[in-house]
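# Below: sequence and its predicted model.
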Amino acid sequence: MGTTTAPAGEVTVDVLFVGAGPVGLFGAYYAGFRGLTTALVDPLPEAGGQVQAIYPEKNIYDIAGLPAVQGQQLIRNLLEQAKPFGPRFLLSQQASDIREVADGWRVTTSSGVVVNTRAVIVTSGVGSVTPRPLPAGEELLGRGLCYFVPQLEVFDGKDVVVVGGGDSALDWALAAVPRARSVTLVHRRKQFRAHEHSVAQVKDSPCHLVLDATVTAVRGNDSVESVDVTVRGEDGARELKAQVVVAALGFLMDLGPIAGWGLEMEGRAIRVDTRMRTNLPRVYAAGDAATFPGKVKLIAVGFGEVALAVNNAAVELNPDATLAPGHSSDLVPASEPLAPEGNSAQPRSKEVAGWRS
């Protein structure tokens, strides 16, 4: 994806984003737009969060102005958008320890990198995720059984069984329909837990629905060959031919070290106010990591939240700055390079450095 991991040592920035998914990447752009230097830390080996790691080839339909965009293309666009401002990527490591210092925070990563930052914005989403396992067939994991599908070509010409009833399950089924020989969706309830539009699309598609049912066995020698499905009220199990089984049963979520930072939590999310501030000074949260009354967990909402967080942080870091950033369309890129060199990034100006009106 064109990102590099900064070397071990010490990094000094205005804002550290904890999480390099879509919301963190847009935040890095917006912070750069406000003249703030940034770093992003993420436990994954490349930027993009779950979108890049779990469903890079799935289409996303609820990003404003983009009728449909593949996950990996969205991440490429966000990286390109942030690139002029030289964000630092600290990948394959977690933000482990945080200590308040005179002018902000001193954050140490699991790789030993020390980040001196004036503000922290948590954009970690729900944290690390572990798929909920299918009760049967674990021995065939990676040999036809999978929990997500990074490359849709695995569906080509195959008999596909998708297990689950949420948005991910329906999305995988819809993605498989035009490529697979057959698609069956198995759900343990009669009702789905997914967007109404997706449910309608599945019902209108060639996908075969087996509801009020569970997968009780996954069969095969070197790879998946069939599954046994038990339907409530039926005697015995149905055997369905399958070479690919996608178990989309949800994920177990873990915020990791962030949970021990002393942040005020509500369930597994960080409570914020209308400025996206947490209970800790100069620590903000945005995206799925944050919660407030009326919260809706969407990438589109996260983009707005992180813009709020950055703009409010900009004013807190520089009281002479204005909360309203102005319109990006009114600005013309300057000719000089924007990204600082070296391992320690320093602020370039009070406001929109590297740009002129």
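Received the coordinates, thanks.
# Now do Ile54: how many residues are near it, please.
Neighbourhood size, Ile54 [other C-beta atoms under 10 Å]: 18. Yep, even glycine has a C-beta here, placed from its N, CA and C like the rest.
# Spatially nearest residue to it, not counting backbone neighbours?
Phe148 (4.4 Å; C-beta to C-beta, 6 or more residues apart in numbering).
# List the residues that contact the residue lying closest to Val69 once chain neighbours are set aside.
Counting by C-beta to C-beta, 6+ apart, Val69 lies nearest to Ile60, which is 5.5 Å off, once chain neighbours are set aside. Shown in contact with Ile60 (C-beta atoms under 8 Å, 6 or more residues apart in numbering): 51, 66, 68-71, 74, 299.
# One more: Gly71?
Contacts of Gly71 (C-beta under 8 Å, 6+ apart): 48, 51-52, 55-60.
# about what we covered before: check the residue nearest to Ile54 and give its pLDDT.
With respect to pLDDT, Phe148 scores 82.
# what about it, distance to Ala314?
Distance, Phe148 to Ala314, by C-beta to C-beta, to the nearest Å: 37 Å.
# ok, back up a step: give me the buried subset of the contacts of Ile60.
Buried subset of the contacts of Ile60 (neighbour count, 16 or more other C-beta atoms under 10 Å): 51, 69-71, 74, 299.
# Pick out whichever of the residues you listed sits closest to Arg143.
Gly71 (24.8 Å; C-beta to C-beta).
# for the residue nearest to the closest one when sequence neighbours are not counted, helix, strand, or coil?
Closest residue to Gly71 apart from its sequence neighbours, by C-beta to C-beta, 6+ apart: Val51 at 4.2 Å. Using DSSP: H, G, I helix; E, B strand; the rest coil, the structure places Val51 in helix.
# ditto for His197
Per three-state DSSP, His197 ends up helix.
# Repeat that for the one 5 residues further on.
Following three-state DSSP, Val202 is assigned to helix.
# re earlier: helix, strand or coil: sort out the residue nearest to Ile54 for me.
coil.
# show me the contacts for it.
Going by C-beta under 8 Å, 6+ apart, Phe148 touches 54-55, 131, 168, 172, 246, 248.
# Tabulate these (CSV), appending secondary structure.
Converted to CSV, those look like this (three-state DSSP):
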residue, secondary structure
Ile54, helix
Tyr55, coil
Pro131, strand
Ser168, helix
Trp172, helix
Val246, strand
Ala248, coil
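# Tell me the one of these nearest Ser223?
Val246 (14.4 Å).
# need the contact list for the closest one.
Under the criterion of C-beta under 8 Å, 6+ apart, the neighbours of Val246 are 146-149, 160-164, 169, 172, 176.
# re earlier: considering the contacts of Gly71, which member attains the minimum pLDDT?
Lowest confidence among the contacts of Gly71: Tyr55, with 81.
# start to end distance for stretch 266-281?
Start to finish, the residues bounding stretch 266-281 are 18 Å apart (C-alpha to C-alpha, to the nearest Å).
# list the buried ones in that stretch?
269-272, 276-278, 280.
# Mind checking which of those residues land in strands?
269-271 (DSSP state E).
# Switch those over to TSV; also include pLDDT and distance to Glu10.
Putting those into TSV (pLDDT from 0 to 100; distance: C-beta to C-beta, whole Å) gives the following:
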residue	pLDDT	distance to Glu10
Ala269	94	31
Ile270	97	26
Arg271	98	31
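# Let me know the closest of those residues to Val41.
Ile270 (16.2 Å).
# Any buried residues in stretch 286-296, and which?
286-291.
# Over to stretch 155-163?
155, 158-163.
# cool, and stretch 232-247?
Buried residues in stretch 232-247 (16+ other C-beta under 10 Å): 237-238, 240, 242-247.
# tell me how far the ends of that stretch are from each other?
Span of stretch 232-247 from end to end, C-alpha to C-alpha: 19 Å.
# can you map out the helices along the stretch 151-300 of the chain?
Assigned by DSSP state H, counting those that start in this stretch, the stretch 151-300 of the chain shows helices spanning 167-176, 196-203, 299-317.
# What ranges in this protein fall below the confidence cut-off?
Along the chain, segments meeting pLDDT under 70 span 1-8, 329-357.
# Mind splitting it into its structural domains?
Domain segmentation of the chain under automatic domain parsing yields 10-129+252-325, 133-249.
# Go through the buried ones among the contacts of Ile60 and name the one nearest Ile121.
Of all these, Ile299 has the smallest distance to Ile121: 16.0 Å, by C-beta to C-beta.
# Please report how far the residue nearest to Phe292 when sequence neighbours are not counted lies from Asp288.
Counting by C-beta to C-beta, 6+ apart, Val272 is the residue found nearest to Phe292 once chain neighbours are left out, at 5.5 Å. With distances taken as C-beta to C-beta, Val272 is found 12 Å from Asp288.
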